[in-house]
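Engineer: Here is the input, now give the coordinates:
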Amino acid sequence: TRYPDMGDINQFDKKELASQSIKALVGVSNENPAEIKYDIEITNLNAVQQGCYWIYPKYFINVQNTGNTDFAYSFKKTYTIDGVVINEYIPTASKSNLLAPGATDKIEIIDHLGMTKSCYDGKTLNVKLDFYDKDIKPILTKESSAVIVKQS
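Structural biologist: Numbers count the residues shown, from 1 in each chain. Alright, predicted model coming up:
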């Protein structure tokens, strides 16, 4: 025997379940405030070599926090020329604290990479940035490349 109002009761149960699921998800999200969303990009990388000695990589890092939680970060820089590592800079402490929501850091980086002992005009410089959180756990890695230009 089928009761005519049974469909309505089932429909009500499904709605109630859905409503409880949403509440549960909200609860989880509130209990886990470390949910951070970030966007990092390297822009305008160019590598100039003055004579045959110094290389000056110059670029911007744009770090944006689009989440609802503040976070601190630091980064390690690794430079390679045609695949050979020529310099590394290790992070010592967190550089910045991005205050949510929508905080943005735009950092200009100019490094002096030391005596190269030869001309790298036309070779490829690659910068790899390894980003870490305040506990020095890896967040993500970004890379960018540019052809080295010698200025006489």
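
Engineer: Give me the helix or strand of this protein that scores worst on average pLDDT.
Structural biologist: Lowest on mean pLDDT, DSSP states H and E among the helices and strands of the chain sits helix 6-31, with a mean of 42.

Engineer: and the next helix or strand after that one, which residues are buried?
Structural biologist: Toward the C-terminus, helix 6-31 is succeeded by strand 38-50 as the next helix or strand (DSSP states H and E). Neighbour counts over strand 38-50 (16 or more other Cβ atoms under 10 Å) mark Tyr38, Ile40, Ile42, Leu45, Ala47, Gln49 as buried. C-beta here means a position set from N, CA and C on the backbone, and glycine is covered the same way.

Engineer: Pull stretch 132-139 out as CSV, backbone CA atoms only.
Structural biologist: Extracted in CSV, the C-alpha atoms of stretch 132-139 (Å, rounded to 0.1, in the frame of the first residue of the first chain):
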residue,chain,number,x,y,z
TYR,A,132,57.8,28.5,2.3
ASP,A,133,55.3,29.3,5.1
LYS,A,134,56.2,30.5,8.6
ASP,A,135,57.0,26.9,9.6
ILE,A,136,59.4,26.5,6.7
LYS,A,137,57.1,24.1,5.0
PRO,A,138,57.1,24.3,1.2
ILE,A,139,54.2,26.1,-0.3
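
Engineer: List the buried residues in that stretch.
Structural biologist: Tyr132, Asp133, Ile139.

Engineer: Among the residues you listed, which are located in helices?
Structural biologist: Judged by DSSP state H, the subset of the buried residues of stretch 132-139 located in helices is empty.
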